[in-house]
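Sharing a model prediction with you, sequence too.
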Amino acid sequence: MFNMTDKKKTSQDSYKPDWVPENAGQEFATKVVKGKRITGKTEKRQGAKKLRTLSVDEYVSGVLKCDRTITARTITLIESNSQEHFEKSQEVLKRLLPYSGKSLRIGISGIPGAGKSTLIETLGCDLIRKGYKLAVLTVDPSSSVSKGSILGDKVRMEKLSREENCFIRPSPSGGILGGVARKTRETITVCEAAGFDIVLIETMGVGQSEITVRSMVDFFLLVLISGGGDELQGIKRGVMEISDAVAINKADGDNLEKAKLSQTEYSLALKYIKPITRDWEPKCYLCSALTGYGVDNLWEEVKKFEKITKQSGSFEERRKAQSLEWVFTIIEENLKENFYNDKAVQKEITKITSLIQKGEILPTSAAEKLLHTYYKK
C-alpha cells in the first residue's frame, strides 16, 4: 500500500507512489494516474472504430470467397438474439444453403482431460498437410457474466490456429443443456459454404451435448483415457452407444501398457453394443495426441467409414434425418421463446412465483395455469 497523501508529483496528471526512490529513473514504471471526470456525452475512445454494417450481399460474397473476417462476422450475426439480426441471418443462410452439404462432419467428445483439443490440433495439422481445408467449432461453457466462451480452445490450439487453411470458432453454449450452441447447425452451413472440406465439432463432454452433436455430424469419435475407473462405466456406456469409434488417447510412455489394457476392455464392450450406424462396426483405437502415434489410423478409419456408408446409402439417410430433426428443434425453440416472451405469461409468472414460494399451489397446477394463460389468447 502506498500513501496517497505523500505522493511524488511527476506531472500534472500522474504521480509516482511514495515507495519509489526520490531520484529514480524510468526503471520504476509505476505511476498513479488521476481519474478524469466526464460530464455530458461519453467521449469516444481515441482510435476506436465502429465496424461498418454489412449488407446481405456482402455477407454472402465474403463467405463464398472464404474471407475469414466476414465468415466470423457472419457466424456472430447468426448467434445474435436480436430480431433484426435474425431476419438478416436467415436471408444470408437461405442464399448460402445451396453451397453447403459437401463437407465431412465429425463430432469429437470425451471426458474432461482426455486431450480432445490436443488431438484435434495434431489431427488438424496432418489434414492440412494433406491438402484439406479444416473448420473447427468448439462449444464452450458460457460465462455467467459476459455470456461468452470461458475455456479458450483457440488458445489451446496454438499451432493449428496459425494455419491459413484452418478456421477455429469457439462458441459459447449459451446455457443450453449439455453445452451445444443453439446455432451450431447454422454455423456448419456457413463453414461448408466457405469451402471447408472437413468440419470438426468438439463438445465439453458432459453428457447431453454428445446426443445433440450426434444429430448433426456424420462420424462421432469418443476420446477416452486409460484408468478412468469402474465408477464411470455407466456414464461411458450411454455415449459409447452413439459412437462410431473410440480412441484411447495418451497411449505413450509408461501409460502405453495401461492404454492397451483399456483398449482390450473397450473393444470387448463394443461387441455387446448395437452399432448406431447401419453397415458399420465401431472399433477401439490407441493414439497419442502428443507424439502423433495412431492419429493416422483414426483418419483412415474415418475415410473408410465415409466410403462404406456412402455406398450403402446410410450416409445420405442420416443427413436427411438430421435435416428433419433440425426442423422440429427450431419449432421447439421458437415455441419456448414465444411462451416466455408473452406479456400475459410474464405477468402470470410473477404471481405464480409468489404462490409457489408460499406453498399455496402445486408446481403441476402452476404449470397448467401458465399454459392456460398462453393458449387462451
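Structure received.

Distance from the chain centre to stretch 119-128, please.
18 Å (Cα atoms, centre = their mean, to the nearest Å).

Need the residues that contact it.
108, 134, 136, 156-160, 163, 165-166, 198, 200, 202, 223, 247, 249, 287, 289-290, 292, 295-296, 298-299 (Cβ atoms under 8 Å, 6 or more residues apart in numbering). Yep, even glycine has a C-beta here, placed from its N, CA and C like the rest.

ranges for the helices of the stretch 151-300 of the chain?
Taking DSSP state H, counting those that start in this stretch as the criterion, the stretch 151-300 of the chain contains helices spanning 153-156, 158-161, 184-193, 208-214, 233-240, 256-270, 295-312.

hey, least reliable of those by pLDDT?
Lowest mean pLDDT of those: helix 153-156, a mean of 58.

re earlier: now the contacts of stretch 119-128: which count as buried?
Listed as buried from the contacts of stretch 119-128 are 108, 134, 136, 156-157, 160, 163, 165-166, 198, 200, 202, 223, 247, 249, 287, 289, 295, 298-299; burial here means 16 or more other Cβ atoms under 10 Å.

what secondary structure does the residue nearest the centre of the chain sit in?
Nearest to the geometric centre of the chain sits V139, at 1.4 Å (Cα atoms, centre = their mean). Following DSSP: H, G, I helix; E, B strand; the rest coil, we place V139 in the strand state.

what number of residues lie near the residue nearest to S288 when sequence neighbours are not counted?
Distances taken as Cβ to Cβ, 6 or more residues apart in numbering put D252 closest to S288, at 4.0 Å, once the chain neighbours are dropped. By the criterion of other Cβ atoms under 10 Å, D252 has 17 neighbours.

quick one: contacts for D252?
D252 touches 288, 290-291, 293, counting by Cβ under 8 Å, 6+ apart.

Select from those residues the one having the most neighbours.
With neighbours taken as other Cβ under 10 Å, the top of those is S288, carrying 22 neighbours.

Looks like that one contacts K250 (just checking).
Yes. S288 lies in contact with K250 (Cβ atoms under 8 Å); the separation is 6.3 Å.

quick revisit: what about the helices of the stretch 151-300 of the chain, which gets the closest to G62?
Ranking the helices of the stretch 151-300 of the chain by proximity to G62 (Cβ to Cβ) places helix 184-193 first, at 10.4 Å.

Return the closest one as PDB; C-alpha atoms alone will do.
Taking Å, rounded to 0.1, in the frame of the first residue of the first chain, the C-alpha atoms of helix 184-193 are listed here in PDB:
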ATOM      1  CA  THR A 184     -24.200 -24.800 -34.300                       C
ATOM      2  CA  ARG A 185     -26.100 -26.200 -37.300                       C
ATOM      3  CA  GLU A 186     -26.300 -22.800 -38.900                       C
ATOM      4  CA  THR A 187     -22.600 -22.300 -38.300                       C
ATOM      5  CA  ILE A 188     -21.800 -25.600 -40.100                       C
ATOM      6  CA  THR A 189     -23.700 -24.300 -43.100                       C
ATOM      7  CA  VAL A 190     -21.600 -21.200 -43.200                       C
ATOM      8  CA  CYS A 191     -18.300 -23.100 -42.900                       C
ATOM      9  CA  GLU A 192     -19.400 -25.500 -45.700                       C
ATOM     10  CA  ALA A 193     -20.400 -22.600 -48.000                       C
END
